[in-house]
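Q: A predicted structure for the sequence below; I have some questions about it.
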Amino acid sequence: MQYRLIPMTEEQNASKKGKSLKIFPDSYVVLDIETTGLNPKENEIIELSALKVENDIVVEEFSTLVKPTCAISPYISNLTGINQSMTENAPDIKTAIKRFADFCSGSIIMGHNVKFDIGFISTNLHRYHNLPFSNDYVDTLRLARIYLPSLPNKKLGTIASYFNFDTKGMHRGLKDCVVTNLCFQKMKEIAKAKNIV
């Protein structure tokens, strides 16, 4: 008997996304991406970064630029520091997204406004490998709304400045992962002090 792979539809892929968690795990993967725009169906990922954390200690990191098929705009280059020439020898998205998904496999995901990142990752993993990105996730933006209500906004840079963390070099994937993790750990301390964790 022969079997054939039936590709998932976009709706089926979307239904396999993980759940949003309002918890403070000790082990997780912090991720951040940089893109050419805001729409995962039209724009491209140009950087994938992640930190693997076990028992609150960073044990491994992943970071790669990704070669886009379109030109990186001056606005994006100014924002991220990533220009076209930097991506010339980078892997394409088909190669990079699979390696990235393998790195994140089996872990709770964490990020700031992480639904944005998950949208791009899920779209590309489905497009190139017909696979879902179904990790459950913790969003530090959601946590900040709960534990830092007095801040004027809940941008990552604002939260980092509130905790006196160095924000130089933000809008690059790995730096944003480091800052997100530091902010998460501080919010975890606040929750512990309130006997929430």
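A: In hand now; what should we look at?

Q: buried sites along the lengthiest helix in the chain?
A: What stands out as the longest helix in the chain, according to DSSP state H, is helix 173-193. Of the residues in helix 173-193, 173-184, 186-188, 191 count as buried by neighbour count, 16 or more other C-beta atoms under 10 Å. Heads up, the C-betas are built off the backbone N, CA and C, glycines and all.

Q: cool, and stretch 41-53?
A: 43-53.

Q: where in the protein is pLDDT low?
A: 1-15, 197 (pLDDT under 70).

Q: Helices of that one, residue ranges please.
A: 10-15, 74-80, 93-104, 114-129, 140-147, 156-162, 173-193.

Q: about what we covered before: and of the buried residues of helix 173-193, the nearest to Q84?
A: G173 (17.2 Å; C-beta to C-beta).

Q: May I have the residues that are in contact with that closest one?
A: Shown in contact with G173 (C-beta atoms under 8 Å, 6 or more residues apart in numbering): 32-34, 47-49, 63.

Q: N153: neighbouring residues, count only.
A: 8 (other C-beta atoms under 10 Å).

Q: re earlier: just want the angle from the longest helix of the chain to helix 114-129.
A: 130 degrees (axes from the mean of the first three to the mean of the last three C-alpha atoms, to 10 degrees).
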